[in-house]
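[1] Let's see this in three dimensions:
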Amino acid sequence: MVKRKGGALLLGVQIDRDSPKSIGDQLYISLRELILSGAIATSVRLPSTRTLAKDLAVSRTTVLYAFERLFAEGLIVSRVGSGAFVSDVLYAERPRPVKTSGQSAAPMAKPNLSSAMGNAIESFSPRDRLPYQPKAFVSALPSYDNFPMAQWARISARFWRGARSDVMGYGEPFGLTSLREAIATHLRGNRGISCETGQIFIVSGAQQAFNLIGATLLDPGDRVWFENPGAIGARNSLIACGADLVPVPVDRDGLMVEEGERQSPAFKLAFVTPSHQQPLSCIMSLERRFALLLAAQRANAWIIEDDYDGEFFFGRQPIPTLKSIDQTGLVIYVGTFSKSLFPALRLGFMLVPPALIETFERITASFIQGVPTNIQAIVAEFIQGGHFATHIRRMRGVYAERHETLLEQARQHLGGLLDVVPTESGLHTIGLLPSNISERSASKAALEQGVIVSPLDRFSIAPTSYNGLALGFGATNPREIRDGIAKLATVLGALA
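    Purely as a prediction, here's the structure:
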């Protein structure tokens, strides 16, 4: 039987012959969108491949290619002797939108979430996403302009020229062995931590580490000491695991352990940023560190030490990490390369106590897919080749200069308006406002002038005595710092 000519007119299909996308792909995508949107109704016969090729001035081979893809997806069907038709199964099985008396669809019902996530969403603190472009005074960003991109590119190119089995296969579940070894060596030599390679687990950034730790060690309702104010991302990760956060205040010596014990002597986990508190930028004193270890031992609780930017210490002799003085075996050390290298890596690691090694081996081998091997391999060689140590050493000087520029400009232009607190490490510090200036008002007014400063209550889960702003200086060069301070002075002067 000869197929009938005709079929739906599809002259609305647009072909861009200057597009880098092939004509066959363009035709397939256009027809697919017409079918899925309902522009071509169910059971409508499509024109023959010859007819459509003539209508669109393309080759029949191109049309056949597009039709074959649509056949494979079940969007069109062939009827012997009649041609190709839009599949009626697609529309028969698709739920229809519920219509109101008017033309628009009724609003969708509220999703039925799990009780754990439903409760967590209600408890999440508002987190306005900061601009992730370097400008005054965005925090949580390192300096992009000082990164040794040429060295990184050479290492990357060398990796991609390697054996395909290394480049294209699944990664090792606990992390690439060479990277775990490099991190363990670095921690022993530069952070004073006695550890073995088997204690290191590679994760997709610190956030995944916090979520994994919480899901492993916490039951819903377990009490967790949390710095107040404290790190927002870690807070939300633990809330998502069902944690009942205990807001423990922070002073210039770090977490106030006695206050934590007064509020909740029986706790399951404590979260601290001892090397550079987020956001107050203070350093936890040695006395407080020992007090925290003793409190955890008494409560049989775990401690998460988040060392997110502790590499960049430019003050006096650095205080050892909490993990390095831990004799209890209760500290889980979490590190990230987002600040020491760059955030797009999405690469971090956990250093777990010996008692948890087997647990995390089973968990990661069972359902954690791991970080892409190429990222791990490149970072491993970057560390082993000495580039990482050189970069850290150089950036300490860069950040010390930017920190000093911030302090100097603040002394000159912000007297009586913002008391910028010196810090000894990291990529940010804080400025304290007088009582007659609201930190929320200051943050909003600064944003209107293109200056990013975060109010400290954004980091709080309970009221604090602080009235101030977080100021990042890591991603901002001295000229930008001077311009930003000048704008901030104008804004705060108007508010005062």
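
[2] How far does stretch 314-322 stretch from one end to the other?
    Terminal residues of stretch 314-322 are spaced 19 Å apart (C-alpha to C-alpha, to the nearest Å).

[3] List the buried residues in it.
    With burial defined by 16 or more other C-beta atoms under 10 Å, the residues of stretch 314-322 counted as buried are Phe314, Pro318, Ile319, Thr321, Leu322. All C-beta atoms are positioned from the backbone trio N, CA, C, and that covers glycine.

[4] name the element the closest residue in space to the first one that isn't next to it in sequence belongs to?
    Leaving aside its sequence neighbours, Phe314 sits nearest to Ala400 (C-beta to C-beta, 6 or more residues apart in numbering; 3.8 Å). Secondary-structure assignment from DSSP states H and E places Ala400 in helix 387-413.

[5] what do you get for Ala215?
    Taking DSSP H and E as the criterion, Ala215 maps to helix 206-217.

[6] Residues contacting that helix, please?
    203, 233-234, 237-238, 240-243, 268-269, 271, 302, 304, 306, 308, 332, 334-336, 338, 348-350, 359-360, 363, 368 (C-beta atoms under 8 Å, 6 or more residues apart in numbering).

[7] Could you list the buried residues of that helix?
    Within helix 206-217, the residues scored as buried using 16+ other C-beta under 10 Å are Ala206, Gln207, Gln208, Ala209, Phe210, Asn211, Leu212, Ile213, Gly214, Leu217.

[8] All the helices of the stretch 201-350 of the chain, in order from the start?
    Ranges of helices in the stretch 201-350 of the chain, per DSSP state H, counting those that start in this stretch, are 206-217, 232-240, 257-263, 286-299.

[9] Turn those into CSV, columns for distance to Gln412 and mean pLDDT.
    Formatted as CSV, the helices of the stretch 201-350 of the chain follow (distance: least, C-beta to C-beta, whole Å; pLDDT from 0 to 100):
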stretch, distance to Gln412, mean pLDDT
helix 206-217, 36, 95
helix 232-240, 32, 93
helix 257-263, 37, 97
helix 286-299, 34, 96
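
[10] correct me, but Leu488 touches Leu414?
    Yes. Counting by C-beta atoms under 8 Å, Leu414 is a contact partner of Leu488 at 6.9 Å.

[11] These two: which is more packed in?
    Leu488 (27 against 18; other C-beta atoms under 10 Å).

[12] Walk me through the domains of this protein.
    Segmentation of the chain into domains, based on automatic domain parsing, reads 23-93, 120-130+149-386, 390-495.

[13] Now distance to Ala140 too, for these, in CSV please.
    Shown next, in CSV, are these (distance: least, C-beta to C-beta, whole Å):
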stretch, distance to Ala140
domain 23-93, 38
domain 120-130+149-386, 7
domain 390-495, 7
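
[14] For Leu10, find the nearest of these.
    Closest to Leu10 of the domains of the chain, according to C-beta to C-beta: domain 23-93, at 6.4 Å.

[15] tell me the mean pLDDT over the closest one?
    The average pLDDT for domain 23-93 rounds to 86.

[16] so how far is it from its chain's centroid?
    Taking C-alpha atoms, centre = their mean, to the nearest Å, one finds domain 23-93 lying 41 Å from the centre of the chain it belongs to.

[17] Same question for stretch 377-395.
    Centroid separation between stretch 377-395 and its chain, computed with C-alpha atoms, centre = their mean, is 22 Å.

[18] what does stretch 222-229 give?
    For stretch 222-229, the distance from its own C-alpha centre to the chain's C-alpha centre is 21 Å (C-alpha atoms, centre = their mean).

[19] same deal with stretch 289-301?
    Relative to the centre of its chain, stretch 289-301 is centred 30 Å away, using C-alpha atoms, centre = their mean.

[20] My guess is Pro173 contacts Ile368. True?
    Yes. Using C-beta under 8 Å, Pro173 makes contact with Ile368 at a distance of 6.7 Å.
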